[in-house]
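Undergrad: What shape does this take:
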Amino acid sequence: MSFTLIGKHEKDKRANRDAYVDAMLELMADHKDVAFVDCDLMGCINTKKLLSAYPERTFNAGIAEQNGMGVAAGIAATGFHTWMHSFGCFSSRRAFDQAFLAAGYSFVPVHVVGSDPGVTAAYNGGTHMPFEDCGLYMNIPNATIVDTCDYAQTYAVTKKLYDVPNVSYQRLIRKGFTTVYADGSDFEIGKAVTLKEGNDVAIIASGILVDEALKAQEALAAEGINARVIDMFTWKPLDTECIAKAVAECGAIVTAENHQVATGLGSAIANEIVKGKACPVEMVGIQNRFGQVGDQNFLMKEYNLLAEDIVAAAKKAIARK
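TA: Below is the predicted model:
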């Protein structure tokens, strides 16, 4: 694993979906056993490029996500590594039974992609705003779950999923994201990335909350508080060694996620921490609420997903030591 942190809090002019498509084009060029199934959203995610380049291995299942998941699993059962995409609400809630049984229980490599996770669904509103998508997939015993934050990470991790032998779920921000890593950065699934060192508190984040965690670290540093920032882009399997090290060296943890905390990254980390040394944990994320329509900036403030919320949580965790 090698990476270069940019962390200037600047919006990327590119669409993150193109990182995914570029990775898929390379995978399909390098491996004749890679197939792709979409659910009538090729225009939204630019996967028409896959259809044009590899029509014999690219399929549109239509607005029928349950069937699409079954088709993806069936293709995988014949020896393919199959990627399947829909909006996160549909590739999780709508098709979960098929994901659990046809992909997970059957031990076949179906790599499910859920786009527009959490508040990034924005104006698509509450019905299309998955706050529980990863929580569902956490229940599949052999699943791998990743929540990438930017172009470089999405590109690298998408390619790495080829070597994951069973079902996986990947959250995908389509557009409107902040650059964290330089292009060419590499990552290892299951290994967290420590972006900033510190021993007063550890902030463990993923997805769009990684940049907010970096902003929080800067604000805390201005007050003399040294915060460690960890990008836990793999939710399952968790990097338990990284968590144990943070507990031992920092003694206070803040988790930050664009997801329900009760079934997401925060709960997974808390479940790991209770097995060892006691440590206060504060969770920044969705607190038992449904989604709603709105601009992403408004929604992040509405659901307390900003750097200022992480700062407040960090101070609370430190006070509980």
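Undergrad: ok, which stretches of the stretch 1-150 of the chain are helices?
TA: Secondary structure of the stretch 1-150 of the chain (DSSP state H, counting those that start in this stretch): helices at 16-30, 42-45, 48-53, 65-77, 88-89, 96-98, 133-137.
Undergrad: Pull up the per-residue confidence for Gly176.
TA: Gly176 is assigned a pLDDT of 81 by the prediction.
Undergrad: Nearest residue to it in space, please, no chain neighbours.
TA: Of all residues not flanking Gly176 in the chain, Gln296 sits nearest, at 6.3 Å (Cβ to Cβ, 6 or more residues apart in numbering). Placement of C-beta: from N, CA and C, glycine included.
Undergrad: So for the least confident helix or strand in the chain by mean pLDDT, what gets flagged as buried?
TA: Sorted by mean pLDDT, DSSP states H and E, the helices and strands of the chain end with helix 42-45, the least confident at a mean of 91. The neighbour-count check on helix 42-45 (16 or more other Cβ atoms under 10 Å) flags Met42, Ile45 as buried.
Undergrad: can I get the CA coordinates of that helix in CSV?
TA: What follows is helix 42-45, C-alpha atoms only, in CSV (Å, rounded to 0.1, in the frame of the first residue of the first chain):
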residue,chain,number,x,y,z
MET,A,42,-25.8,3.1,-17.6
GLY,A,43,-26.4,6.7,-18.4
CYS,A,44,-26.1,7.7,-14.7
ILE,A,45,-22.8,5.9,-14.2
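Undergrad: quick one, strands of this protein?
TA: For the chain, the strands defined by DSSP state E occupy 34-38, 58-60, 81-87, 110-115, 144-147, 168-172, 193-196, 201-205, 227-231, 234-236, 253-260, 281-286.
Undergrad: Need the ones you listed in TSV (columns: mean neighbour count).
TA: Formatted as TSV, the strands of the chain follow (neighbours: other Cβ atoms under 10 Å):
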stretch	mean neighbour count
strand 34-38	25
strand 58-60	20
strand 81-87	28
strand 110-115	27
strand 144-147	27
strand 168-172	27
strand 193-196	19
strand 201-205	30
strand 227-231	26
strand 234-236	23
strand 253-260	29
strand 281-286	24
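Undergrad: So which residues make contact with the least confident helix or strand of the chain?
TA: 17, 20-21, 38, 48, 50-51, 60, 85, 87, 115, 172, 174 (Cβ atoms under 8 Å, 6 or more residues apart in numbering).
Undergrad: Could you check the pLDDT of Glu10?
TA: Reported pLDDT for Glu10: 93.
Undergrad: Now it: closest residue in space that isn't a chain neighbour?
TA: With Cβ to Cβ, 6+ apart, the residue lying closest to Glu10 is Thr179, at 5.7 Å.
Undergrad: for the strands of the chain, which one sits closest to Gly126?
TA: strand 281-286 (11.7 Å; Cβ to Cβ).
Undergrad: Pull up the pairing partners for that closest one, direction included.
TA: Paired with strand 281-286 in the same sheet, following DSSP bridges, are strand 253-260 (parallel).
Undergrad: ok, the residue nearest to Lys236 when sequence neighbours are not counted - contacts?
TA: The shortest distance from Lys236 to any non-neighbouring residue, by Cβ to Cβ, 6+ apart, is to Ile145 (4.3 Å). Contacts for Ile145 (Cβ under 8 Å, 6+ apart) come out as Cys134, Tyr137, Met138, Ser168, Tyr169, Gln170, Thr234, Trp235, Lys236.
Undergrad: From Gly224, how far out is the fifth one?
TA: Going back to what we said before, that points to Tyr169. To Gly224, Tyr169 is 40 Å away according to Cβ to Cβ, to the nearest Å.
Undergrad: ok, now the second one?
TA: For Tyr137, the distance to Gly224 equals 40 Å [Cβ to Cβ].
Undergrad: So for the two, which sits in the more crowded spot?
TA: Per other Cβ atoms under 10 Å, whichever of Tyr137 and Gly224 has more neighbours is Tyr137, with 26 against 7.
Undergrad: Is the closest residue to the more buried one other than its chain neighbours bridged to anything, and to what?
TA: Once flanking residues are discounted, Tyr137 sits nearest to Tyr169: 4.1 Å by Cβ to Cβ, 6+ apart. Assessed by DSSP bridges, Tyr169 has beta-bridge partners Val112, Ile145.
Undergrad: so which of the helices of the stretch 1-150 of the chain gets nearest Ala270?
TA: Of all these, helix 133-137 comes closest under Cβ to Cβ, at 13.6 Å.
Undergrad: To what extent is Ala29 buried, counted in neighbours?
TA: So Ala29, with other Cβ under 10 Å, has 11 neighbours.
Undergrad: Please disregard the earlier target; I meant Ala72.
TA: The number of residues packed near Ala72 is 33, by other Cβ under 10 Å.
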